[in-house]
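Enquirer: Need a 3D model of the following:
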Amino acid sequence: MSDNEIQAELAAVARDLNVQRATLRLISDTAVFPIAYEHCEPGTHSIRDTPRLDMSKQPVVLKMVGGASQVIEDDCALATEDAGYHEMREMFGGMQAQIVTANRDADGQIIGLLSVHDLTSPRTWTDAEAARARACADRLEELTR
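Expert: As a prediction, the model looks like this:
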């Protein structure tokens, strides 16, 4: 595994999707999907050291645990009424739109989550953008094996 290659993949997907942040969360014994890698465009604050949230109760993670391979949110303000989600959204810089893509092991357990965050405005994600996020997640899985 090369940290430089992982960072390059995150930077590339952020550029290709015109988002301000891309993160890779990996399974851990000490936390629920902590951020292992992060790319932030200039002027975007890091969330890597944000106070830990209980990710196990976040609506997107619950959808992933329920079997979703990708969660696409065009307008995060309208995605859910869950107060914890909106607290997280604000901690993350007012996240407006996101795509979260899961990687799973052979048993179907989540081993990683790629998130791309648009902090500027809601947007309608295209099928091509969702596919680009999936391709990046697949490449990151290869790099983290």
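Enquirer: use CA for all of it now, contacts and neighbours both
Expert: Fine.
Enquirer: quick one: the helices in the chain?
Expert: Assigned by DSSP state H, the chain shows helices spanning 3-17, 59-65, 76-79, 83-91, 127-144.
Enquirer: nearest to I27, of those helices?
Expert: Evaluated over the helices of the chain, closeness to I27 peaks at helix 127-144, with 11.1 Å, by CA to CA.
Enquirer: And for the residue most central in space within the chain, nearest residue in space, chain neighbours not counted?
Expert: If you average the C-alpha coordinates of the chain and look for the closest C-alpha using CA atoms, centre = their mean, you land on S115, 1.4 Å from that point. By the measure of CA to CA, 6 or more residues apart in numbering, the closest residue to S115 outside its immediate chain neighbours is V100, 4.4 Å from it.
Enquirer: which residues touch the one you found?
Expert: Contacts here follow CA atoms under 8 Å, 6 or more residues apart in numbering; on that basis V100 touches 60, 70-72, 113-116.
Enquirer: Give me the pLDDT value at it.
Expert: Looking at V100, its pLDDT is 98.
Enquirer: Enumerate the beta-bridge partners assigned to it.
Expert: Taking DSSP bridges, one finds V71, S115 as the beta-bridge partners of V100.
Enquirer: Name all residues that make contact with V32.
Expert: Shown here is V32, whose contacts under the criterion CA under 8 Å, 6+ apart are 54-56.
Enquirer: What distance do you get for it to G112?
Expert: In this structure, V32 and G112 are 11 Å apart, going by CA to CA, to the nearest Å.
Enquirer: try L26
Expert: Separation of L26 from G112 (CA to CA) stands at 4 Å.
Enquirer: that older thread, could you pick out the one among the contacts of V32 with the lowest pLDDT?
Expert: Ranked by pLDDT, these bottom out at D54 (76).
Enquirer: and the closest residue to T80 other than its chain neighbours, how many neighbours does it have?
Expert: Nearest in space to T80, with sequence neighbours left out and distances taken as CA to CA, 6+ apart, is P59 at 7.8 Å. Here the count is done by other CA atoms under 10 Å, and P59 has 17 residues near it.
Enquirer: what do you get for S121?
Expert: Each residue near S121 was counted by other CA under 10 Å, and the total is 12.
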